[in-house]
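**Q** Just to be clear, the model below is a prediction. Sequence and coordinates:
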Amino acid sequence: MAENQPIFSEDWDKQAPATENQPEESKPADDAQKKVIKKTFKKKTENQEFMMGKNWLESGKLVNQVEGGAQPKANDGFVVFTMDLSQQRRPEAQGEEAKDVREEAPKPKVKKVKEVEEAKDEVLNLEELAKIEPSGAYAKVDESRQVINIVFIGHVDCGKSTTCGQILYLTGKVDETDIRKYEQEAKEKQRDSWYFAYIMDINPEEREKGKTVEVGKAHFVLDKRRFVLLDAPGHKNYVSNMLAGASQADVAALVISAKTGEFESGFEKDGQTKEHALLAKSLGVSELICLVNKMDEVQWSQQRFEEIQKSVNPFLADVCYYDTTKITWIPYSGLQGLNIKERVSSSVCSWYNGPSLFEYLDNIQPPKRDPAGGVRIPILDKFRDQGLMVFGKVEGGTIKEDLNLTLMPYRQPVQIKQIYNSEDQRIYYAKPGENLKLQLKGIEDDQIKRGFMITSNANRCMVCLEFEAEIDLLEIPEPKHIMSSGYQCVIHIHTAMEEVQITAVLAEIDRKSKQEKKASFLKSYMGGRVRLSSKTPLCLEKYTVNESLGRFTLRDLGKTIAIGQVTKVKPYVQEN
């Protein structure tokens with residue numbers, strides 16, 4: 001195998017063990033032979049930055065041992081490696097020349113080192129954790145109500161932020177004084193109907209333009225359930241932000257405007273109603289509800305409501321693969337607050353006999369979760385505040401303070417020092433479904449990024465540079481008319497976003513019969529089986545193992561071109 005080639009396990013779908021590096025074969029000394037020097041560098045020194053490249057973690061060959069098998073201390077960062085100096089330029093090189101050196105430098109190669117003994121997982125007693133009574137700075141974990149993460153999606157100006165603001169007001173999260181303040185501010189901006197949206201849209205740019213840019217996050221509690229509320233941007237320029245919100249959600253509320261012209265503009269070719277529904281499905285959202293807003297603008301017309309249903313349902317069934325018999329449709333008015341907390345009066349809407357929004361939400365069944373399984377926390381974001389803090393949703397397993405875990409894809413040991421829930425309250429432990437802020441120990445902020453995953457030490461997630469998937473193509477944008485080997489695009493899988501390439505089209509799949517036939521390319525609206533590769537390791541799971549970590553979306557030229565499911569994984573084996 002060539003020196004700089006990535007190393008793979010020969011068996012697809014099997015978790016790859018760490019490899020033990022073998023000593024190189026000794027060769028007779030020769031004057032023409034390249035000089036090789038062995039040195040020990042301290043982590044983050046200038047020499048190491050020069051020799052290892054811009055970001056040595058991205059090479060996937062993190063070395064955390066010293067020669068002879070002695071194990072380094074927790075954070076001393078010593079590494080031992082050999083380097084071919086004939087491939088290097090002088091360390092004194094500056095500017096663009098130094099940049100070139102870093103890009104051309106070969107990856108370090110460990111010699112005669114033993115594999116570090118793998119850390120074991122601490123076994124947590126879930127019943128004992130639930131009995132812990134909080135004290136001091138800790139809040140009690142609410143075990144009586146299961147948590148559900150709900151994202152509000154839909155076309156721009158359909159009323160998502162207004163709906164979210166009204167929900168917080170009706171559940172007592174915003175008082176009358178704040179509402180009057182927002183109302184006055186909206187009048188000053190000549191945007192009288194936007195004041196509920198100001199509860200969620202706190203960014204000055206968002207309030208000025210009336211468009212949500214970032215994903216707003218809040219929480220509210222009903223009788224049986226507690227919710228993390230995510231308000232996703234609707235404009236097509238902020239789809240990447242919308243994806244960040246959808247990747248955290250268990251339930252998606254597709255908000256559709258009933259107002260004449262607004263529904264049509266949202267559901268046409270370039271409208272976001274279709275794309276948002278598709279993206280939510282592809283990112284593993286288990287349940288969809290359709291909320292028809294602004295019914296007061298059409299006098300609560302049953303004809304208009306049914307017209308929208310008949311237009312949207314075929315798309316949800318044929319393209320997004322939702323079971324439309326299980327989708328609930330709720331008419332309401334976000335601005336007036338009708339049919340949200342209480343059922344709409346028959347004097348206002350005589351034909352609707354279904355539940356109010358709160359009634360429906362309080363009876364949603366949460367997705368199946370495994371609190372005793374392996375820990376899975378995809379990283380969404382990070383910041384530094386008296387330590388490294390990260391945001392993420394617990395997709396599997398249970399965590400507690402001082403628990404030692406592993407950060408994938410580079411198997412870096414980390415420790416959970418503090419846990420904060422969606423209300424920014426410190427808690428001692430957390431189970432699956434919780435949206436958290438975590439303080440980590442044992443890792444620097446330049447060693448972690450969005451899409452990395454915190455996992456158990458022994459039960460880790462799959463990591464790969466190459467995998468196979470079944471995909472359903474949408475419209476391939478011009479000037480590209482087909483998808484074949486070499487096609488490049490961007491993958492969105494859980495919180496990760498990376499460039500990938502189609503390395504092979506393996507088969508075409510008939511959407512109805514599911515029969516496969518050999519193919520070398522795919523066209524728009526076809527199904528197929530393909531092999532994809534990434535330049536950087538991806539943390540993921542097969543769809544059959546974990547749906548939320550095995551679904552993905554492919555985007556190109558600002559459009560969603562395919563949704564897919566991971567079927568096979570060729571594990572990436574990291575050299576120690």
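**A** Now that the structure is in, tell me what you want to look at.
**Q** Grab the nearest non-local neighbour of Met483.
**A** With C-beta to C-beta, 6 or more residues apart in numbering as the criterion, Met483 has its nearest non-adjacent residue at 4.6 Å, and that residue is Leu522. (C-beta placed from N, C-alpha, C; glycine too.)
**Q** and that neighbour, what does it touch?
**A** Counting by C-beta atoms under 8 Å, 6 or more residues apart in numbering, Leu522 makes contact with 471, 473, 482-484, 505, 508, 528, 530.
**Q** Kindly report the same for Leu338.
**A** If a contact means C-beta under 8 Å, 6+ apart, then Leu338 has 295-296, 332, 344, 348 as its contacts.
**Q** Give me the ChimeraX select line for the contacts of Leu522, limited to the buried ones.
**A** The buried subset of the contacts of Leu522, as determined by 16 or more other C-beta atoms under 10 Å, is captured in ChimeraX by this line:
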select :471,473,483,505,508,528,530
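**Q** Report the separation between the closest residue to Ala458 other than its chain neighbours and Thr455.
**A** Across the structure, with C-beta to C-beta, 6+ apart as the measure, the residue nearest Ala458 apart from its sequence neighbours is Asp121 (5.1 Å). Applying C-beta to C-beta, to the nearest Å, the value for Asp121 to Thr455 is 10 Å.
**Q** Okay, now the unreliable bits of the stretch 201-350 of the chain?
**A** 201-213, 234, 269-270 (pLDDT under 70).
**Q** Just the helices from it, written as ranges.
**A** Taking DSSP state H, counting those that start in this stretch, the helices of the stretch 201-350 of the chain run over residues 204-209, 239-246, 262-267, 272-282, 302-318.
**Q** Going by neighbour count, list what's buried in the third one.
**A** Within helix 262-267, the residues that count as buried by 16+ other C-beta under 10 Å are 262-263, 265-267.
**Q** Who has more neighbours out of Asp121 and Thr455?
**A** With neighbours defined as other C-beta atoms under 10 Å, Asp121 and Thr455 compare such that Thr455 has more, 26 against 17.
**Q** Against Lys559, how distant is the more buried one?
**A** Between Thr455 and Lys559 the distance is 33 Å, computed by C-beta to C-beta.
**Q** Phe452 now?
**A** Taking C-beta to C-beta as the measure, Phe452 falls 27 Å from Lys559.
**Q** Mind checking which of the two has more residues around it?
**A** Each of Phe452 and Lys559 has its neighbours counted (other C-beta under 10 Å); Phe452 has more, 25 against 16.
**Q** For the helices of the stretch 201-350 of the chain, give me TSV that also has distance to Lys368.
**A** TSV is the format used below for the helices of the stretch 201-350 of the chain (distance: least, C-beta to C-beta, whole Å):
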stretch	distance to Lys368
helix 204-209	36
helix 239-246	19
helix 262-267	32
helix 272-282	18
helix 302-318	23
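**Q** Any idea which of those helices gets closest to Asn546?
**A** When those are compared for distance to Asn546 using C-beta to C-beta, the nearest one is helix 272-282, at 14.7 Å.
**Q** Go ahead and name everything in contact with the closest one.
**A** Outside helix 272-282, the residues touching it (C-beta under 8 Å, 6+ apart) are 151, 153-156, 158, 232, 234-236, 239, 242-243, 246, 249, 252, 254, 256, 263, 266-267, 288, 312, 315-316, 319-322, 474, 492, 551-553, 559-560, 563-564.
**Q** Check those for burial and list the buried ones.
**A** Buried residues within the contacts of helix 272-282, defined by neighbour count using 16+ other C-beta under 10 Å: 151, 153-156, 158, 232, 234-236, 239, 242-243, 246, 249, 252, 254, 256, 263, 266-267, 288, 312, 315-316, 319-320, 322, 474, 492, 551-553, 559-560, 563-564.
**Q** Tell me where the model's unsure across the stretch 1-150 of the chain.
**A** In the stretch 1-150 of the chain, residues with pLDDT under 70: 1-119.
**Q** Okay, and the beta partners of Leu436?
**A** Beta-bridge pairing for Leu436 (DSSP bridges): Gly392.
**Q** So which of the helices of the stretch 201-350 of the chain is nearest Gly396?
**A** For those, proximity to Gly396 was assessed by C-beta to C-beta; helix 239-246 is nearest, at 18.6 Å.
**Q** same for that closest one, what does it pack against?
**A** When contacts are defined as 3 or more C-beta pairs under 8 Å, 6 or more residues apart in numbering; DSSP states H and E, helix 239-246 sits against strand 146-153, helix 272-282.
**Q** And the ones you listed: which comes nearest Asp446?
**A** Comparing these under C-beta to C-beta, the one sitting nearest is strand 146-153, at 29.0 Å.
**Q** Helix 239-246 and that closest one, what's the angle between them?
**A** Angle between the axes of strand 146-153 and helix 239-246 is 160 degrees (criterion: axes from the mean of the first three to the mean of the last three C-alpha atoms, to 10 degrees).
**Q** Would you mind checking the average pLDDT for the helix or strand that comes right after strand 146-153?
**A** Along the chain past strand 146-153, the next helix or strand (assigned with DSSP states H and E) turns out to be helix 160-170. Looking at helix 160-170 alone, the average pLDDT works out to 89.
**Q** Would you mind pulling up the elements that helix 160-170 packs against?
**A** In this structure, helix 160-170 packs against strand 146-153, strand 216-221, strand 225-231, strand 251-257, with contacts taken as 3+ C-beta pairs under 8 Å, 6+ apart.
**Q** Give me the most central residue, this structure.
**A** The residue lying closest to the centre of the chain (C-alpha atoms, centre = their mean) is Thr495, at 1.7 Å.
**Q** Is there a neighbour count for Ile327? I'd like the number.
**A** Ile327: 17 surrounding residues under other C-beta under 10 Å.
**Q** Nearest spatial neighbour of Gly451, chain-adjacent residues omitted?
**A** When the adjacent residues along the chain are set aside, Gly451 lies closest to Ala496, with 2.9 Å between them (C-beta to C-beta, 6+ apart).
**Q** Correct me if wrong, but Asp560 is in a strand.
**A** If you look again at residue 560, you'll see it is Thr, not Asp. Yes - membership of Thr560 in a strand is supported by DSSP: H, G, I helix; E, B strand; the rest coil.
**Q** wait, which of the helices of the stretch 201-350 of the chain is closest to Val390?
**A** Relative to Val390, the nearest member of the helices of the stretch 201-350 of the chain by C-beta to C-beta is helix 239-246, separated by 13.7 Å.
**Q** give me every residue that touches Leu243.
**A** Leu243 makes contact with 279, 283, 492, 497, 553 under the criterion C-beta under 8 Å, 6+ apart.
**Q** at 6 Å what do you get?
**A** His492 (C-beta atoms under 6 Å, 6 or more residues apart in numbering).
**Q** any idea how far Leu540 is from it?
**A** When distances are taken as C-beta to C-beta, Leu243 and Leu540 turn out to be 16 Å apart.
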